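Trainee: Whatever this is, show me its structure:
(one chain, ligands or ions: 1)
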Amino acid sequence: MAWYPGAIKMELQPESDAQPAIRPTQFIVHSIVAPWTARRTYEYWRDSTNLESHFGVDYQGDVGQYIGTETRADANAGANRRHDGTGAVSAETASNLEASDPWNAKQIENLIAIGVWLHERHGIPLRICRGHGDPGFGYHSMFPQWSTSGTACPGRARIRQFREVVFPGIVARANGHTTPQEDDMALTREDIEKVAQRVWEKDHFINVPWGTETNGQWMAKSILVDNGARLRALQAAVTELAARGAARDAVLARLAEGGGLSAADAQRAAEAGATAALDRLAIALAAEGEG
Ligand SMILES: [Zn+2]
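Mentor: Numbers count the residues shown, from 1 in each chain. Prediction:
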């Protein structure tokens with residue numbers, strides 16, 4: 001059993017003890033079609049149904065965890081637990097009654113933080129699932145195998161946010177260590193290049209023809225619609241990253257020459273520059289949107 005340290009633990013019984021173990025390989029996000037707090041979601045799972053998700057992410061900034069991430073939860077049909085023992089970790093997120101509103105900033109932050117933790121704790125790979133059994137990150141309606149009778153969950157606005165803000169945010173933070181409280185060190189040039197490389201790989205990956213993939217048509221359409229904007233945004237972002245890397249090198253070079261900067265000053269300056277570059281990268285990815 002594994003419990004995310006950023007969550008309020010509200011363990012559901014008997015499910016938590018009774019349901020079989022899984023080896024978590026996917027993270028699937030949902031909208032619960034109700035504006036509930038994490039606790040209200042817990043009470044719903046406890047009192048009204050024997051279906052449940054691992055996490056609840058509310059509007060106020062709280063995360064509830066109801067089931068350990070190495071135990072099956074029942075939010076994603078065929079992805080809950082497979083014959084090989086792998087399964088998906090699920091998060092329900094508070095929404096309006098039509099599941100049409102976007103996630104707020106607190107929800108986005110919490111989804112990114114959960115995703116990074118799942119990557120670090122369980123080794124869930126930093127990619128969008130390429131098939132219903134493929135390890136990675138996804139949202140409920142991505143594959144029909146993940147629901148019993150079809151679903152639009154988590155809603156169009158949030159599907160867009162998942163692709164453009166949440167998933168890129170998980171990748172950037174997992175690779176770049178941009179969480180301020182966990183990281184006093186400046187990003188290295190290698191870190192920055194790793195992030196840039198990740199983004200290019202992701203872009204390349206999305207452009208791979210999908211053949212017999214279940215959602216192939218959907219993917220192909222999205223490629224046609226936004227490929228140009230995506231490329232332009234990525235080129236700008238990578239240029240920016242390279243510039244920031246160069247700026248950092250310059251600071252370090254001056255330091256090496258015995259200039260006036262203290263080591264701490266130089267490091268702070270470099271970190272601020274690198275973090276700003278990563279923020280711009282996230283914004284560029286988000287802004288590529290409407291094309
Ligand atoms: Zn759902």
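
Trainee: Spell out whether stretch 153-167 and the ion are in contact.
Mentor: Yes: residues of stretch 153-167 contacting the ion under C-beta under 5 Å from the ion: residue 153. Just so you know, the C-beta spots here come from the backbone N, C-alpha and C atoms, and that holds for glycine as well.

Trainee: ok, now how distant is residue 66 from residue 149?
Mentor: Taking C-beta to C-beta, to the nearest Å as the measure, residue 66 falls 23 Å from residue 149.

Trainee: Who has more neighbours out of the two?
Mentor: A direct count of neighbours by other C-beta atoms under 10 Å for residue 66 and residue 149 places residue 66 higher, at 27 against 6.

Trainee: hang on, the more buried one packs against residue 49?
Mentor: No: between residue 66 and residue 49 there is no contact under C-beta atoms under 8 Å: 11.9 Å.

Trainee: where do the helices sit along this structure?
Mentor: 15-18, 38-48, 105-122, 156-161, 167-176, 189-207, 216-256, 263-287 (DSSP state H).

Trainee: Mean pLDDT lowest where, among these?
Mentor: With a mean of 54, helix 189-207 has the lowest mean pLDDT of the helices of the chain.

Trainee: Can you check the pLDDT for the residue nearest to residue 26 when sequence neighbours are not counted?
Mentor: Once flanking residues are discounted, residue 26 sits nearest to residue 88: 3.9 Å by C-beta to C-beta, 6 or more residues apart in numbering. Here the pLDDT value assigned to residue 88 is 98.

Trainee: Could you measure from residue 88 over to the ion?
Mentor: 11 Å (C-beta to the ion, to the nearest Å).

Trainee: Tally up the residues packed near that residue, please.
Mentor: Per other C-beta under 10 Å, the neighbour tally for residue 88 reads 31.

Trainee: So what's the residue count around the closest residue to residue 61 other than its chain neighbours?
Mentor: Nearest non-adjacent residue to residue 61, counting by C-beta to C-beta, 6+ apart: residue 106, 4.0 Å away. When neighbours are defined as other C-beta under 10 Å, residue 106 has 15 of them.

Trainee: What residues does residue 106 make contact with?
Mentor: Shown in contact with residue 106 (C-beta atoms under 8 Å, 6 or more residues apart in numbering): 59, 60, 61.

Trainee: what's the spacing between it and residue 149?
Mentor: Using C-beta to C-beta, one obtains 31 Å as the distance from residue 106 to residue 149.

Trainee: Check residue 54 too.
Mentor: Distance from residue 54 to residue 149, counting by C-beta to C-beta: 22 Å.

Trainee: same question, residue 158
Mentor: Taken as C-beta to C-beta, the span from residue 158 to residue 149 is 20 Å.

Trainee: Repeat that for residue 9.
Mentor: 32 Å.

Trainee: Do any residues in stretch 129-139 lie close to the ion?
Mentor: No: shown here: stretch 129-139 not in contact with the ion (C-beta under 5 Å from the ion), separated by at least 8.0 Å.

Trainee: got the contact list for that stretch?
Mentor: Contacts for stretch 129-139 (C-beta under 8 Å, 6+ apart): 25-30, 78-79, 82, 86, 115, 124-128, 142-146, 153-154, 158-159, 162, 167, 170, 205, 213-214.

Trainee: Stretch 82-92 too?
Mentor: Taking C-beta under 8 Å, 6+ apart as the rule, stretch 82-92 contacts 21-32, 41, 53-57, 69, 72-73, 75-76, 79-81, 111, 114, 118, 122, 124, 133, 135, 146.

Trainee: per the record, what domains does this structure have?
Mentor: Structurally, the chain divides into domains by automatic domain parsing as follows: 8-179, 187-291.

Trainee: is any part of stretch 64-73 close to the ion?
Mentor: No: Stretch 64-73 is not in contact with the ion by C-beta under 5 Å from the ion; minimum separation 11.9 Å.

Trainee: Using CSV, write down the CA coordinates of that stretch.
Mentor: What follows is stretch 64-73, C-alpha atoms only, in CSV (Å, rounded to 0.1, in the frame of the first residue of the first chain):
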residue,chain,number,x,y,z
GLY,A,64,-8.1,13.0,-0.5
GLN,A,65,-6.7,9.5,-0.9
TYR,A,66,-9.2,6.7,-0.3
ILE,A,67,-7.3,3.6,-1.5
GLY,A,68,-3.6,2.9,-1.5
THR,A,69,-2.0,3.1,-4.9
GLU,A,70,-1.0,-0.5,-4.9
THR,A,71,-4.6,-1.7,-4.4
ARG,A,72,-7.3,-1.8,-7.1
ALA,A,73,-9.8,1.0,-7.3
